[in-house]
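K.L.:
Have a look; sequence and predicted model below, questions after that.
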Amino acid sequence: RLRDPSGIAPLRAAKLERLRPHLRTDMPSREHNGRLDYLSDDLRRETGIADTANVSSNNYDAYAQALISKHADGLVLDAGAGQRRIYYGNVVNFEIVPYDSTDIVGVGESLPFLDGTFDAVFSIAVLEHVRDPFRCARELIRVLKPGGDLLCSVPFLQPLHGYPHHYYNMSHQGLRALFERDLVISDHLVIDSILP
């Protein structure tokens, strides 16, 4: 872990080198400022991604921290990571915005990773911001290793919060419906960390 953004570059380079065998080769990408960028103009149009000056930044709660520790020797995908204040060597920060802590730029509806790459996948307060949460959920499942851990949370009783868009609010049944056909759901909780 690292709190100082100036020290991220060598850690990111090592992380991306570790990831290279797990990256899809059928998607256009470029390397820019030490990050891999899979956010093509076609994907931008298809998924409605708009440039934004908004900054999303939240700390990991106890559930996420426990999974980061559990998979310290593996790989964890944080799909929609936002700006992270602490940079972990085993967490791939995937985001539509190239924040200081972002490792790979792209969209959740078309993840640039091979099937079964990650020991754990996070989607924390993201699915309400994507145009196609069903497609995004399928992608999260696709890149998760069999037996891996998925931590997914969405707000329910929360006002509109554009980042830069807000498409869906879902109940606990709606969230469960995104994953229950393909995963065994071990817990389905209301947690304090993302508010109502």
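P.N.:
Happy to help now that I have it.
K.L.:
residue contacts, the residue nearest in space to the middle of the chain?
P.N.:
The chain has Ala79 as the residue nearest its centroid, 0.6 Å off, counting by CA atoms, centre = their mean. When contacts are counted by CB atoms under 8 Å, 6 or more residues apart in numbering, Ala79 touches Phe94, Gly108, Leu111, Val121, Phe122, Ser123, Val126, Cys136, Leu140. (C-beta placed from N, C-alpha, C; glycine too.)
K.L.:
what helix or strand is the last one on?
P.N.:
Read that as Leu140. helix 133-143 (DSSP states H and E).
K.L.:
just how off-centre is that helix within its chain?
P.N.:
Centroid displacement of helix 133-143 relative to its chain, using CA atoms, centre = their mean, to the nearest Å, is 11 Å.
K.L.:
ok, and the helix or strand in this structure with the lowest average confidence?
P.N.:
For the chain, counting by mean pLDDT, DSSP states H and E, helix 172-179 ranks last in confidence among helices and strands (a mean of 77).
K.L.:
by contact count, what packs against it?
P.N.:
helix 133-143, strand 144-153 (3 or more CB pairs under 8 Å, 6 or more residues apart in numbering; DSSP states H and E).
K.L.:
for those, which one sits closest to Ala62?
P.N.:
The minimum distance between Ala62 and the helices and strands packed on helix 172-179 falls on strand 144-153, with 11.0 Å, by CB to CB.
K.L.:
list the helices and strands that closest one packs on?
P.N.:
If contacts are counted by 3+ CB pairs under 8 Å, 6+ apart, strand 144-153 sits against helix 62-70, strand 118-124, helix 133-143, helix 172-179.
K.L.:
Show me what the second one is packed up against.
P.N.:
In this structure, strand 118-124 makes packing contacts with helix 62-70, strand 76-79, helix 133-143, strand 144-153, judged by 3+ CB pairs under 8 Å, 6+ apart.
K.L.:
average pLDDT for the second one?
P.N.:
Taken as a whole, strand 76-79 has an average pLDDT of 98.
K.L.:
That strand pairs with which strands, and in what direction?
P.N.:
Strand pairing for strand 76-79, using DSSP bridges, gives strand 91-95 (parallel), strand 118-124 (parallel).
K.L.:
quick revisit: and Ser153, which of the helices and strands packed on strand 144-153 is closest to it?
P.N.:
Judged by CB to CB, the one of those that comes nearest to Ser153 is strand 118-124, at 5.3 Å.
K.L.:
can you give me the offset of the closest one from its chain's centre?
P.N.:
7 Å.
K.L.:
same question, stretch 21-33
P.N.:
The answer for stretch 21-33 is 16 Å, by CA atoms, centre = their mean.
K.L.:
Also stretch 76-89?
P.N.:
Centroid displacement of stretch 76-89 relative to its chain, using CA atoms, centre = their mean, is 8 Å.
K.L.:
Now the terminal residues of that stretch, how far apart.
P.N.:
Stretch 76-89 stretches 9 Å from its first residue to its last (CA to CA, to the nearest Å).
K.L.:
Done for today, thanks.
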